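Visitor: Got a sequence here, can you build the structure:
(one chain, ligands or ions: 2)
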Amino acid sequence: MASVEYRHISKVYTDDTRALEDLNLQVEDGEMMVLVGPSGCGKSTALRLLAGLDPVTEGQVLIDGKPVNESPPQHRDIAMVFQNYALYPHMTVRDNLEFPLRMMKLSRMERTKQVEETAYLLGLSELLQRRPKELSGGQCQRVAMGRALVRKPKVFLMDEPLSNLDAKLRIQIRAEIAALQKRLGVTTLYVTHDQVEAMTLGDRIAVLNGGRLQQVGRPQELYDKPDNTFVASFLGNPGMNIFSARLNSEAAIVDLADGGWQIPLESLLAQKPQMKQYLDRPLMAGLRPEAFSTQITPSAEVVVEAVEPLGHERLVYFTPSDTMSGSGQETLVARLTGLPRERVGESFRVGLDPTRLCFFNKEGEVIA
Ligand SMILES: Nc1ncnc2c1ncn2[C@@H]1O[C@H](COP(=O)(O)OP(=O)(O)OP(=O)(O)O)[C@@H](O)[C@H]1O
Ligand SMILES: [Mg+2]
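Guide: Ligands and ions are numbered 1, 2, ... in the order given. Take a look at the predicted model:
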């Protein structure tokens with residue numbers, strides 16, 4: 001097992017694509033770190049640099065505190081599972097699992113022991129004699145993980161390992177990966193563009209966008225206190241609502257969504273004194289869909305754009321109706337429970353919980 005560190009890592013590919021910009025990230029021994037972000041943000045690049053499959057352009061990659069920029073992949077003791085894992089089709093599950101151990105020239109007894117332990121951990125003991133074509137997609141995925149884990153690597157890398165599986169199987173294997181990772185305690189970097197997978201799997205999450213690290217922290221921390229509007233809207237399904245906010249010093253109120261909701265300025269400043277320096281400046285506010293409710297104040301009249309019933313709750317998309325300027329409003333979304341009363345095209349009153357507001361400056365960085 002080992003810790004991992006990216007220190008001022010930049011990666012520029014030969015065609016001048018800047019895939020990573022000054023990445024600084026530490027992964028603790030035994031930790032599950034999830035790298036998440038939209039397509040092309042540099043997630044796979046980060047794993048490839050750690051595995052030694054591509055050279056870094058600038059900075060240092062360290063494993064257990066030792067720089068490894070110059071060590072070839074086979075000396076880094078890292079195992080990797082990709083989205084398009086390939087099992088050897090003509091070999092049984094046992095032979096597939098044993099293959100990396102043969103490469104390591106372990107004794108027959110040692111190989112059998114490790115294969116059987118790994119098979120047991122992954123629930124593959126009954127399937128050792130089968131060939132890949134006689135397995136389900138989820139079982140194949142488990143064999144691929146087993147083959148990577150069987151030689152007990154220092155660091156385990158997974159790049160979107162579940163994206164070929166159907167939704168139900170993804171959830172099942174996701175839970176299995178989490179349990180297995182904890183049991184083995186192997187330092188793991190897990191790449192996904194699926195924010196739900198990131199939230200459920202990660203001890204910590206690192207959010208990347210355009211090759212830059214946006215924020216790193218525990219899932220709930222990122223969800224509740226995003227550092228910027230990108231993280232706010234990327235995490236959560238749907239993401240955080242972002243709308244205009246203005247601390248109107250003359251009227252002593254805070255206008256939200258162009259006057260849709262108003263709260264007393266005094267109560268906001270009592271709760272967030274650092275907001276004082278932002279009086280009368282255009283700001284943005286953020287609010288999670290579940291922080292809207294029909295039961296609370298301040299409330300505002302809004303027009304329903306769409307309703308998505310989800311069984312135990314519903315997503316109601318709406319636009320504030322009695323705005324001061326009447327300017328084009330963005331659609332906001334509320335996650336509501338209880339009896340559905342909203343009808344598309346009609347208006348209803350919805351309130352928000354002001355204690356759950358986040359505020360961002362016009363560059364999108366959090367201020368409170
Ligand atoms: N070998 C390469 N040569 C040139 N550019 C590359 C190369 N590999 C990746 N890139 C570019 O680097 C950027 C980051 O790519 P990367 O594969 O790391 O993204 P990603 O976050 O893994 O995306 P995805 O979620 O789609 O897998 C992209 O703009 C990509 O086009
Ligand atoms: Mg990728």
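
Visitor: ok, which residues in the protein are in contact with ligand 1?
Guide: Contacts of the chain with ligand 1, taken as CB under 6 Å from any ligand atom, map to 13, 15, 17, 19, 37, 39-45, 193. The way it works is simple: take the backbone N, C-alpha and C, and place the C-beta from them, glycine included.

Visitor: Just flag the most distant two among those residues.
Guide: Taking CB to CB as the measure, the residues of the chain next to ligand 1 span a maximum distance of 22.7 Å, between Asp15 and His193.

Visitor: Name all residues that make contact with Ile177.
Guide: Met145, Met158, Pro161, Tyr190, Leu201 (CB atoms under 8 Å, 6 or more residues apart in numbering).

Visitor: repeat that for 7 Å
Guide: The contact partners of Ile177, taken as CB atoms under 7 Å, 6 or more residues apart in numbering, are Leu201.

Visitor: Could you do Arg204 as well?
Guide: So Arg204 contacts Glu31, Met33, Val216, Gly217, Arg218 (CB under 7 Å, 6+ apart).

Visitor: which residues touch the one residue in the stretch 51-200 of the chain that gets nearest to ligand 1?
Guide: Per CB to the nearest ligand atom, His193 is where the stretch 51-200 of the chain lies closest to ligand 1, at 4.7 Å. For His193, the contact set (CB under 7 Å, 6+ apart) comprises Val36, Gly37, Pro38, Ser39.

Visitor: any chance you could map the helices in the stretch 51-200 of the chain?
Guide: For the stretch 51-200 of the chain, the helices defined by DSSP state H, counting those that start in this stretch occupy 93-103, 108-121, 137-149, 167-184, 195-201.

Visitor: Only the buried residues of the third one, if you could.
Guide: Read that as helix 137-149. Neighbour counts over helix 137-149 (16 or more other CB atoms under 10 Å) mark Gly138, Gln139, Cys140, Gln141, Arg142, Val143, Ala144, Met145, Gly146, Arg147, Ala148, Leu149 as buried.

Visitor: for it, the distance to its chain's centre please.
Guide: Chain-centre distance of helix 137-149: 23 Å, with CA atoms, centre = their mean, to the nearest Å.

Visitor: Ok, stretch 347-362 next?
Guide: Worked out by CA atoms, centre = their mean, stretch 347-362 lies 24 Å from the chain centre.

Visitor: what is the mean pLDDT for it?
Guide: For stretch 347-362, mean pLDDT is 95.

Visitor: do the same with stretch 173-188
Guide: Mean predicted confidence for stretch 173-188 is 89.

Visitor: out of the contacts of Arg204, who's nearest ligand 1?
Guide: Taking CB to the nearest ligand atom as the measure, ligand 1 lies nearest Met33 of the contacts of Arg204, at 14.9 Å.

Visitor: Output the below-cut-off pLDDT ranges for the stretch 1-150 of the chain.
Guide: Applying pLDDT under 70 to the stretch 1-150 of the chain flags no residue at all.

Visitor: Quick one: the strands in it, in order.
Guide: Shown for the stretch 1-150 of the chain, the strands assigned by DSSP state E, counting those that start in this stretch span residues 4-12, 18-27, 32-36, 58-63, 66-67, 78-81.

Visitor: outside of the last one, which residues touch it?
Guide: Looking back up the chat, that one is strand 78-81. With contact meaning CB under 7 Å, 6+ apart, strand 78-81 is reached by 47, 50-51, 144-145, 148-149, 151, 153-159, 161.

Visitor: Before I go, just wanted to say thanks for your time.
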